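A.B. asks: What would the 3D arrangement of this be:
(2 chains)
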Amino acid sequence: MAHSSNQKPIKIESNSFGSQFSKVIDKLGIIVVLIFLLILMSLLTDKFLTPMNLTNVVRQISFIALIAIGVTSIIITTGIDLSSGSVVGLTSVVVASAAHPGQFPLVVTILIGLSVGLVVGLINGFLVAYAKLPPFIATMGTWTTVRGLALLYSNGRPVNDLKDEFTYLGGGRFLGVPVPILVLIAVAILTHLLLTSTRLGRHVFAIGGNEQAAIIGGINVKIVKLAVYVYASTLAALSGLLLTGRIASGQSALGVGYELDAIAAAVIGGTSLTGGIGSIVGTISGALVIGVINNGMDLLNVNMYWQQIAKGMIIVIAVFLDSQKKKAK
Amino acid sequence: MKISKLISVLLLVTLLLAMTAGCASTAATTTAAATAATTAAAAETTAAADQKIVIGVTMESLQDFLSYVGDGLNDFAKANPNVEINILDAKLDVATQVKQVESFISQGVDAIIIKCVDKDATAPISAMCKDAGIPLIAVNVDIGSDREAYVGSDHKLSGVLEAEELAKQMNYKGNVAILVGDPSHNAAQTRTDGAKEVFAKYPDMKVVAEQSGMWDRAKSITIAENWIQSGLEINAIIANNDEMAIGALKAYEQAKITNVLFAGIDGTKDALSYMQEGKLALSVFQNGYEQGFKAAETATKLAMGETLSEPYVDVAYELITPDKIDMYLAKYK
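C.D. replies: Numbering: from 1, shown residues only, chains lettered A, B, ... in the order given. I've put the predicted structure just below:
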C-alpha cells in the first residue's frame, strides 16, 4: 500500500504553547474504520483483496489525496481552499498545451504546470494573509476565476496530442508501481516531516491553535499562511498535471468538485475544521476510506443511484465512529 | 482625500462597465437599430442593415461539445450582418440562467435561444418570454415547458444507432457494460434506453453492468478499472459519450486487455483519432455546429415574424465507423 512507510499513528503537539498541549490527536480512529472496511469488502467479494485491485484503489485516490494533503495544511491554520479543483482544470489545459511532442523538455513542461499552482497559491495566500479576506471568500473568488481562465485559455476545447513521456507521468509505472502512487508517497512523507519536524510545521499548528498567541509568540503569521496556500495550490497543480497525463488530454472541466472530495478526505481523516488539529496519515486514510467505498461498490456492481446514497451514509458513519472514539478518551 | 475617493469611484465604474460590457454593447446596438428606423443620421451607424435582429443565447455551459454549438451560432451571425448574437454562459446554474433571460428581456432582444441547465426547471423562463412576446427556441436539448421551436437531434436515436452498430460488430452476441452520463440528464437517460432496447432484441446479448461515468473521462477510467477487477465477463462497453468510451478504453489498454470493443457518441476530434488507431470501434456524430447554426436561423425567422411549418427542427445524428473517419476529421479543419 502507498502509505505503509508511515502508517504508524502520529502524535502532534506544540510544546511552546500550553493551550495546544491537550490537543494531542489519536489517529487510530479512522484507521480502525479503514481496516473494518477492508475486511468487509474482502468478505463481500474475493476480487477486492488482490494486489492489482489494491494498486488500482491507491492510484484512483492519489489525485484527490495530493490535493487533500495540501488542504489539510490549510485547514490546520483554520483556513480552507475551495480553488483546488479549478487549479486542476487550469493546470490541465496549460500543461497540456506545453506537452505536445517536440515542444519542450519534460522538465520544462512540468515546471510550467506547477507554476499555475504557484501563481494561484500566491494570490490565495496574499488575499488571506495580507488582504485579510476570509479564506472561504478569497478562495471562492479564485475558484470561479481560475475555472473561467481555464475555459478562456482552452476555448472550452480539450487539448490533445500529448507526448508519451508526459502521459507516462499519469499512466506509467516505475519499478512496477504506478507513477502517481510514487509521487503521492513522496509528497506524503515530505509533508508529514514538514508538519511534524520543522519550525514551519510547528508554526502552522500554532496559528491554528491560537492565532493571537502565535503572533505574540513572534511567529510571522502572514508568511506562514502564504507558504501554506502556495504549497496547497502547487500540490493541486501537481495533481492536475498527473491526472492530465493519466487521461492523455487537457480539459478545462477537469477536477470539478475535487475540492470537496479533498476537504472530505481531510475531515474524515480527523482534521478539525476549527484548526490546530490534523495529520497526513489521517488524511490519506480518509482518502482511502472514500476510495475503498467507491471501488468496493463498483466491484459489487451496486446500482449507480444507491452508490451515491451509500457513500454519503458511510462517510457520515465513519466520522461519527471516529468522533465517538475521541470522546471516549 | 477627495482624489482617492474619485479614483475609487472611477475604478468602480470601470469595473462595472467591464462586467456588463457584453450586455451593454447589445443594448447600445438595439437602441441604435430602433433609432435607425426614424432618424436618417443614425442610419450610418447600422450601415446597410435596415433592421438589426438581436438574439440572446443562454447556454448551460460553453465547454467541449457545446462550444461547437456556440461556433454555429456565431457563424450564422457572421454570415448575416443584420443578426447580432449575444451568448451568455449559465455555468450549470439554473438561477443564473433565469437571470440571464431576465436581462435579455429587459434589453429587448428579438429572440432567445436556450440550452437549458435543467429541462424541468424552465417553466418560469417560458412564462417570462411569453409575457414579453419574445420567441423562445430550445437548442440541443428540448425544454419541458412552452417554446416556439426546438432545434436538436433525437437522443434516443443516437443510442439506437450506437447499439445497433455495436451489436453488428459483436455478431449479435456477448456481454455489454453501459457507461451512463449524468443520470439526471435527459440525453443520458434516452441514449441508455435506446441502447437497452436494441440489446433486448437479441437473445444472445446481455447488459451485465451499468454505472454513471458522469460524461467524464477520468471517472470512467476508474469505473472500467473496477469492472476489470470485478471479473465480470464484458465483451463491449457502450458509453453515452466519447469521453467516457475513451476513459474505458484507456483502462483496458493499461490492463493490456485487447478483445473488448468500445463505442461512444459525439464524434469528437479525439475520438476520431482513437478510432484511427483502431481503439474505438464506433461513434455517433451529433452535429453541434449545425444545431447552433440552425437555431440561430430559426430564431431569426421567428423574430422576423415568420411561422414555422414544424416546431421541431431536426439535425440528424450520423453513425461514424472507421471507414468514414476522413469525412468527419475534415469537419474539424
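A.B. asks: what residue is smack in the middle of the chain?
C.D. replies: All of this refers to chain A. The central residue of chain A, meaning the one whose C-alpha is nearest the mean C-alpha position (CA atoms, centre = their mean), is residue A:68 at 1.8 Å.
A.B. asks: Please refer instead to chain B.
C.D. replies: Of all residues in chain B, the one closest to the mean position by CA atoms, centre = their mean is residue B:66, 3.9 Å from it.
A.B. asks: Looking at the backbone only, give me phi and psi for it.
C.D. replies: The phi/psi pair for residue B:66 (degrees, to the nearest 10) reads phi -70, psi -20.
A.B. asks: For the closest residue to it other than its chain neighbours, list each beta-bridge partner.
C.D. replies: The shortest distance from residue B:66 to any residue other than its chain neighbours is 5.8 Å, reached at residue B:59 (CB to CB, 6 or more residues apart in numbering or on different chains). C-betas here are computed from N, CA, C, even on glycine. Residue B:59 forms beta bridges with residue B:89, residue B:115, as assigned by DSSP bridges.
A.B. asks: Next, find the distance separating the residue in the stretch 201-329 of chain A that chain B sits nearest to from residue B:225.
C.D. replies: Closest contact between the stretch 201-329 of chain A and chain B, by CB to the nearest CB, is at residue A:298 (3.4 Å). Shown here: residue A:298 relative to residue B:225, a distance of 8 Å by CB to CB, to the nearest Å.
A.B. asks: Look at the closest residue in space to residue A:100 that isn't next to it in sequence and say how many residues are nearby.
C.D. replies: The shortest distance from residue A:100 to any non-neighbouring residue, by CB to CB, 6+ apart, is to residue A:161 (5.6 Å). For residue A:161, the neighbour count with other CB atoms under 10 Å in any protein chain shown is 14.
A.B. asks: Just say helix, strand or coil for residue A:161.
C.D. replies: Following DSSP: H, G, I helix; E, B strand; the rest coil, we place residue A:161 in the coil state.
A.B. asks: okay but it is in contact with residue A:97, surely?
C.D. replies: No - because the distance of 10.0 Å does not satisfy CB atoms under 8 Å, residue A:161 is recorded as not touching residue A:97.
A.B. asks: Quickly list the domain ranges of chain B.
C.D. replies: When chain B is parsed with automatic domain parsing, its domains come out as B:47-153+B:288-315, B:155-285.
A.B. asks: what about the helices in the stretch 151-300 of chain A?
C.D. replies: Taking DSSP state H, counting those that start in this stretch to define them, one finds helices in the stretch 151-300 of chain A at A:164-171, A:179-197, A:199-209, A:211-216, A:221-247, A:258-268, A:280-299.
A.B. asks: Which residues are in contact with the residue in chain B positioned nearest to chain A?
C.D. replies: Taking CB to the nearest CB as the measure, chain B has residue B:226 as its residue closest to chain A, at 3.4 Å. For residue B:226, the set of contacting residues under the criterion of CB atoms under 8 Å, 6 or more residues apart in numbering or on different chains consists of A:53, A:56, A:294-295, A:298-299.
A.B. asks: Tell me which helix or strand the residue nearest to the centre of chain A sits in.
C.D. replies: Residue A:68 is located in helix A:51-76, with elements delineated by DSSP states H and E.
A.B. asks: Only alpha carbons, please: show the helix or strand following that helix as PDB.
C.D. replies: As assigned by DSSP H and E, the chain's next helix or strand after helix A:51-76 is helix A:84-97. Taking C-alpha atoms only, helix A:84-97 is exported to PDB below (Å, rounded to 0.1, in the frame of the first residue of the first chain):
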ATOM      1  CA  SER A  84      -8.100  23.400  -5.800                       C
ATOM      2  CA  GLY A  85     -10.500  21.800  -8.200                       C
ATOM      3  CA  SER A  86     -10.200  24.800 -10.500                       C
ATOM      4  CA  VAL A  87      -6.500  24.700 -10.300                       C
ATOM      5  CA  VAL A  88      -6.600  21.100 -11.500                       C
ATOM      6  CA  GLY A  89      -8.600  22.300 -14.600                       C
ATOM      7  CA  LEU A  90      -6.400  25.300 -15.400                       C
ATOM      8  CA  THR A  91      -3.200  23.300 -14.900                       C
ATOM      9  CA  SER A  92      -4.600  20.600 -17.200                       C
ATOM     10  CA  VAL A  93      -5.200  22.900 -20.200                       C
ATOM     11  CA  VAL A  94      -2.000  24.900 -19.600                       C
ATOM     12  CA  VAL A  95       0.300  21.900 -19.100                       C
ATOM     13  CA  ALA A  96      -1.300  20.000 -22.000                       C
ATOM     14  CA  SER A  97      -0.600  22.900 -24.300                       C
END
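A.B. asks: can you tell if helix A:84-97 touches chain B?
C.D. replies: No - taking CB under 8 Å from any CB of the partner chain as the criterion, helix A:84-97 and chain B are apart, separated by no less than 9.8 Å.
A.B. asks: likewise stretch A:303-316?
C.D. replies: Yes - using CB under 8 Å from any CB, stretch A:303-316 reaches chain B at A:304-305, A:307.
A.B. asks: Tell me the buried residues in that stretch?
C.D. replies: In terms of neighbour count (16 or more other CB atoms under 10 Å in any protein chain shown), stretch A:303-316 has its buried residues at A:304, A:307, A:311, A:314-315.
A.B. asks: ok, and what's touching that stretch?
C.D. replies: For stretch A:303-316, the external contacting residues (CB under 8 Å, 6+ apart) are A:37, A:264, A:268, A:289-290, A:293-294, A:297-298, A:302, B:180, B:183, B:210-212.
A.B. asks: Give me the distance from it to the chain's centre.
C.D. replies: 21 Å (CA atoms, centre = their mean, to the nearest Å).
A.B. asks: cool, and stretch B:293-304?
C.D. replies: For stretch B:293-304, the distance to the chain centre is 17 Å (CA atoms, centre = their mean).
A.B. asks: and it, what's its mean pLDDT?
C.D. replies: Average pLDDT, stretch B:293-304: 95.
A.B. asks: tell me which residues in that stretch are buried?
C.D. replies: In stretch B:293-304, the ones that count as buried by 16+ other CB under 10 Å are B:293-303.
A.B. asks: Ok, stretch B:249-267 next?
C.D. replies: B:249-254, B:260-267.
A.B. asks: residues contacting the residue of the stretch 201-329 of chain A closest to chain B?
C.D. replies: When contacts are counted by CB under 8 Å, 6+ apart, residue A:298 touches A:307, B:211, B:222-223, B:226-227, B:230.
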